[in-house]
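A.B. asks: I'll drop the sequence and a predicted model, then ask my questions.
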Amino acid sequence: MATRHLIIGGGTAGMNAIRTIREEEGERSEIALVSAETPYSRMVLPYYLDRSIAESHVFTATPRVLADWGVKPHVGRRATALDTRANVCTLDDGTRLEYDDCLIATGSSAVRAPVPGADGRGVHSFWTLDEARAVLAEIAPGSHVVMVGAGFIAFTILNSILALGAKLTIVEVAPRILPRMVDDAGARLVEDWLTKHGVAIRTGAKLTRIEDAKGRKRLRFAAGGDLVCDVVIMATGIKTNLEWLKGSGVTVNRGVVVDDRLRSSVPNVYAAGDIAEGRDLITGEPAVHAIEPTAQEHGRVVGANMAGKDVHYRGSLIVNIVEVCHLDVASFGAWDDERAEIASGVKPDRPAYRKLLWRGDRLTGAIILGPSSDIWTTNDVGMLKGLVQSGVSLARFKAHLKRNPFDVKPVFIASKTTSALLPETILGRPSKAPGNTPVAV
Amino acid sequence: MLATTTHVLRIHPEKCTGCLRCELACSYMQTGTFQPAKSVIRVSPFEGHTSYAPYTCTQCAEGWCMTACPVGAITINAAGAKDVLDDTCVGCKLCTIACPYGTMFYDPDTRKAFKCNLCGGAPACAEACPTAAITYEATATADWLGEFARERTARVLAGAR
């Protein structure tokens, strides 16, 4: 009897797992997919919002593609319980799915600030495709949009809102923007840049309620100064979708705790992506990385292991990039490590900012900020990732980088980081192109 | 097992004179303009401009750009090179920070990612190089510049300004 794999969650982790199972397996297995939505890429929703792509572009696996891959879809259904003794997953319509092994990849969802009116008409999250549709339907040229929260998610849709011709105000309860992506100095440069580009920013603003105001919305704040607008977007964080795992017997901390093969505490149950608490490549500590590249790598490692391979994962690296009004902002690794040795440089008029973080002779984190069209911003951004990822010793070059943190390229080349990186693959073999997934016979 | 590529761009840094013809040829082939900023092979100076070497994508086995792309916009072309499908790329820049070699770029004019695609099997840079510092050969990819650069960064190492 063919092995029965159950993939719970149709996001990046789940879809990569399915493709990799098909690439790696010796004998054809059965794959079932439980997904609340038709699988799509959350990463590209901002480009759907600014109408640069059609809605059809966001889908990562249409029913036709799932059929080609030989996947039995349970789309539009949610998993409500996992019985790891009986190896059965129960869905919200009562369906019981038996499995030989399963992947928990139910991701995370948006949370709203807990204030009165947060669930009212004209107040949106921006996380799912349905939410993107709702926001797109409400923004018109000249609309005033207030975004509550100034984190990464908010910044990914900032350009799109402006591109639709809306006026944008960002309110943030913390004293500064982008608290989980750049340091204070970087945040100040971004804030000044956005202000120059016509985005109103109010930090340290505690929202107390949202009210209807003659067809518009009124936001009230603890310190006064109401804002009246047409559309409110709540970008106030995400939470891991763990609730349904109560009673499953799977060990949960901040996420589902996994080993270096992405197995949970139950040997035939894996976890991947936003919901998994796996190893951080730099710190070596367990961490939840709710980012696309981690979901992708986790998903592929799980897929290979489900297909009978023995792939060990070194850990995931935090990488983030966002462009706002043609300013690139990116950070890598342990960019917020308070115990790291620091080399930074700033060119306020460009603006350009670099921060390199060191543990001994290894680069362990970096922040890069600068105009997208500026060669100093774009020429070596990936090299910073390579230096952090490879962990090569930069002893001979450290003094130079401390003097000039913008001059990364000669250091990258002369440190033979390329030699260190070339043998590295996630699955221990060359990757296959996305269109090369074996299809059903 | 799928071979990533059969032919690769082999760099012979000791032969490079820093003339930048490779950058002009590359940008012309890739974008139709003679504009080194749009070249995906880029010449770096060493030792205070006394020596030079061109640097470009190694067509690595992992293909970090390709596996990172959330919409499958990076594929492997007939020459075995990782190649961006412009119609599918949305310009999210994730590949530019996933590539650990710094050889994935973003074009603000087209709002797409771009990279070395080996010109589909007839690389313009190798054709244009007057000193055969870039050759297109059936060999394994390698770190062509590391040793050369290591020997030529003494000023950097010594901390001279």
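C.D. replies: Yes, it's here.
A.B. asks: For B:V156, report the pLDDT, please.
C.D. replies: Predicted confidence (pLDDT) for B:V156: 67.
A.B. asks: Ok, A:V44 next?
C.D. replies: Looking at A:V44, its pLDDT stands at 95.
A.B. asks: Now do the same for it: helix, strand or coil?
C.D. replies: helix (DSSP: H, G, I helix; E, B strand; the rest coil).
A.B. asks: could you check the distance from it over to B:C92?
C.D. replies: 7 Å (CB to CB, to the nearest Å). Just so you know, the C-beta spots here come from the backbone N, C-alpha and C atoms, and that holds for glycine as well.
A.B. asks: Scan chain B for its longest helix.
C.D. replies: If you go by DSSP state H, chain B has its longest helix at helix B:21-31.
A.B. asks: hang on, the earlier thing: common neighbours of A:V44 and B:C92, please.
C.D. replies: When contacts are counted by CB atoms under 8 Å, 6 or more residues apart in numbering or on different chains, A:V44 and B:C92 are jointly contacted by B:P70.
A.B. asks: hmm, back to that, so which other helices or strands are in contact with the helix or strand that the longest helix of chain B is followed by?
C.D. replies: Next along the chain after helix B:21-31, taking DSSP states H and E as the criterion, comes strand B:42-46. Using 3 or more CB pairs under 8 Å, 6 or more residues apart in numbering or on different chains; DSSP states H and E as the contact criterion, the secondary-structure elements in contact with strand B:42-46 are helix A:409-414, helix B:21-31, strand B:51-55, helix B:146-151.
A.B. asks: now check the longest helix of chain B, is it near chain A?
C.D. replies: No - residues of helix B:21-31 are not located near chain A by CB under 8 Å from any CB of the partner chain, the shortest gap being 12.5 Å.
A.B. asks: Tell me which residues are up against that helix.
C.D. replies: B:33-43, B:54, B:107, B:114, B:116-117, B:119, B:124-130, B:134.
A.B. asks: cool, stretch A:245-257 as well?
C.D. replies: Stretch A:245-257 is contacted by residues A:81-85, A:104, A:240, A:242, A:264-266, A:269, A:271, A:274-277, A:286, A:288 when judged by CB under 8 Å, 6+ apart.
A.B. asks: Weed out the non-buried ones from the residues you listed.
C.D. replies: If you count burial by 16 or more other CB atoms under 10 Å in any protein chain shown, the buried members of the contacts of stretch A:245-257 come out as A:82, A:84, A:104, A:240, A:242, A:264-266, A:269, A:271, A:274-277, A:286, A:288.
A.B. asks: quick check, nearest of those to A:D183?
C.D. replies: Distance from A:D183 was checked for each of those by CB to CB. The minimum falls on A:V288, at 21.1 Å.
A.B. asks: which residue packs closest to that closest one, ignoring adjacent ones?
C.D. replies: When the adjacent residues along the chain are set aside, A:V288 lies closest to A:G255, with 4.3 Å between them (CB to CB, 6 or more residues apart in numbering or on different chains).
A.B. asks: Is it correct that A:A140 is in contact with A:G165?
C.D. replies: Yes - judged on CB atoms under 8 Å, A:A140 makes contact with A:G165 at a distance of 7.4 Å.
A.B. asks: Secondary structure element for A:T90, which one?
C.D. replies: With the criterion set as DSSP H and E, the secondary-structure element containing A:T90 is strand A:88-91.
A.B. asks: Please identify the buried residues of that strand?
C.D. replies: Buried positions in strand A:88-91, judged by neighbour count with 16+ other CB under 10 Å: A:89, A:91.
A.B. asks: what sits up against that strand?
C.D. replies: Where contact means CB under 8 Å, 6+ apart, the residues beyond strand A:88-91 that reach it are A:6, A:8, A:34, A:74, A:77-83, A:96-99, A:102.
A.B. asks: farthest pair in these?
C.D. replies: A:R78 and A:E98 (17.9 Å).
A.B. asks: higher neighbour count, the two?
C.D. replies: Shown here are A:R78 and A:E98; by other CB atoms under 10 Å in any protein chain shown, A:R78 has more neighbours (17 against 13).
A.B. asks: how near is that one to A:V58?
C.D. replies: Where A:V58 is concerned, A:R78 sits at a distance of 20 Å (CB to CB).
A.B. asks: and A:A137, how many neighbours?
C.D. replies: Applying other CB under 10 Å, we find 10 residues neighbouring A:A137.
A.B. asks: Just say helix, strand or coil for it.
C.D. replies: Put simply, A:A137 is helix when judged by three-state DSSP.
A.B. asks: Then A:V388?
C.D. replies: helix.
A.B. asks: Only the buried residues of the lowest-mean-pLDDT helix or strand in chain A, if you could.
C.D. replies: Within chain A, judged by mean pLDDT, DSSP states H and E, the helix or strand with the poorest mean is helix A:375-378; its value is a mean of 80. Within helix A:375-378, the residues scored as buried using 16+ other CB under 10 Å are A:376-378.
A.B. asks: Out of those, which are close to chain B?
C.D. replies: Among the buried residues of helix A:375-378, proximity to chain B is found for A:T378 (CB under 8 Å from any CB).
A.B. asks: The helix or strand harbouring B:R10 and chain A in contact?
C.D. replies: When elements are defined using DSSP H and E, B:R10 is found to belong to strand B:8-11. No - using CB under 8 Å from any CB, strand B:8-11 stays clear of chain A, coming no nearer than 10.8 Å.
A.B. asks: Run the chain-centre distance for the longest helix of chain B.
C.D. replies: 11 Å (CA atoms, centre = their mean, to the nearest Å).
A.B. asks: tell me the angle of it relative to strand B:51-55?
C.D. replies: For helix B:21-31 against strand B:51-55, the angle by axes from the mean of the first three to the mean of the last three CA atoms, to 10 degrees is 20 degrees.
A.B. asks: Narrow the contacts of helix B:21-31 to just the buried residues.
C.D. replies: In the contacts of helix B:21-31, the ones that pass as buried (16+ other CB under 10 Å) are B:36, B:38-43, B:54, B:107, B:114, B:116-117, B:119, B:124-126, B:128-129, B:134.
A.B. asks: what's the next secondary structure element after the lengthiest helix in chain A?
C.D. replies: Among the elements of chain A assigned as helix by DSSP H, the one spanning the most residues is helix A:292-306. Proceeding N to C from helix A:292-306, the next assigned helix or strand is strand A:319-324, under DSSP H and E.
A.B. asks: could you say what helices and strands whichever helix or strand comes after that following strand packs with?
C.D. replies: Of the helices and strands lying after strand A:319-324 in sequence (DSSP H and E), the nearest is strand A:327-333. Counting contacts by 3+ CB pairs under 8 Å, 6+ apart, the secondary-structure elements packed against strand A:327-333 are helix A:184-196, strand A:319-324, strand A:362-371, helix A:381-390.
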